[in-house]
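Chemist: Would you be able to build a 3D model of this:
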Amino acid sequence: MKRTLTAGIAALVIGTTGAFAQMAPFGSDDDAAYAALIWEAMQAQKLAGEGAIQTYPYEGIAPHGMMLQTFYSSATINGHTGDLIVKRNYGPKDVSEDEVLMDPGKHLGAVTVMFRREAGFDADNQDWFWVKFLPDGSLDKNPKGMRLAGKIAKGAEKGCIACHSGEDDYVFTSDAIKM
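Modeler: Numbering: from 1, shown residues only. Predicted coordinates for the structure are as follows:
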């Protein structure tokens, strides 16, 4: 009897955990697969990966990096063409422009991306899909182990959407992206 009860509780916990993970607003398997398609599009445009184009870095702020490079483009993912913003985040704290230019790979900490998906993806947040890649193209994770792809921290007080929703177009660095 004890073994059956324990197995039943374990099944309930596993089932509840699985359901909770599926209800999370970001980091799902679908989000990770979509992020992989974005990484491929970025590589094709030389915005990420081996042989990525370089531009002069500028001073950044947390949470991104102390030095940044930002690129504006568009990409077609699964037949939808949307705005693509790629921000390379460099560190550590005291890294200089010259150090980044001389060895960008050594100082690259992450690549953060905004991609405007099809209408209705997240109408509350202008249909932006958010991703934080590590330099090798794998997904970064938050402290709870959730992959940072999709509607990152939707409804939270901190995170991608919370910070960027303070801007009319969700973009701080340019007014070139139109609704």
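Chemist: Could you list every helix and strand in contact with whichever strand or helix holds K87?
Modeler: In the assignment (DSSP states H and E), K87 maps to strand 80-90. Counting by 3 or more Cβ pairs under 8 Å, 6 or more residues apart in numbering; DSSP states H and E, the packing neighbours recorded for strand 80-90 are helix 29-44, strand 67-77, helix 104-107, strand 108-116. Every residue, glycine included, has its C-beta placed from N, CA and C.
Chemist: distance between the helix or strand following it and the chain's centre?
Modeler: On the C-terminal side of strand 80-90, the nearest following helix or strand under DSSP H and E is helix 97-102. Centroid separation between helix 97-102 and its chain, computed with Cα atoms, centre = their mean, to the nearest Å, is 24 Å.
Chemist: ok, back up a step: now the angle from the strand holding K87 to helix 29-44?
Modeler: If you take axes from the mean of the first three to the mean of the last three Cα atoms, to 10 degrees, strand 80-90 sits at 80 degrees to helix 29-44.
Chemist: which residues does the residue nearest the centre of the chain contact?
Modeler: The residue lying closest to the centre of the chain (Cα atoms, centre = their mean) is V131, at 1.2 Å. Taking Cβ atoms under 8 Å, 6 or more residues apart in numbering, we find V131 in contact with A35, I38, T112, V113, F115, L139, L148, A149, G150, I152.
Chemist: Closest one to E59 out of the residues you listed, please.
Modeler: T112 (16.2 Å; Cβ to Cβ).
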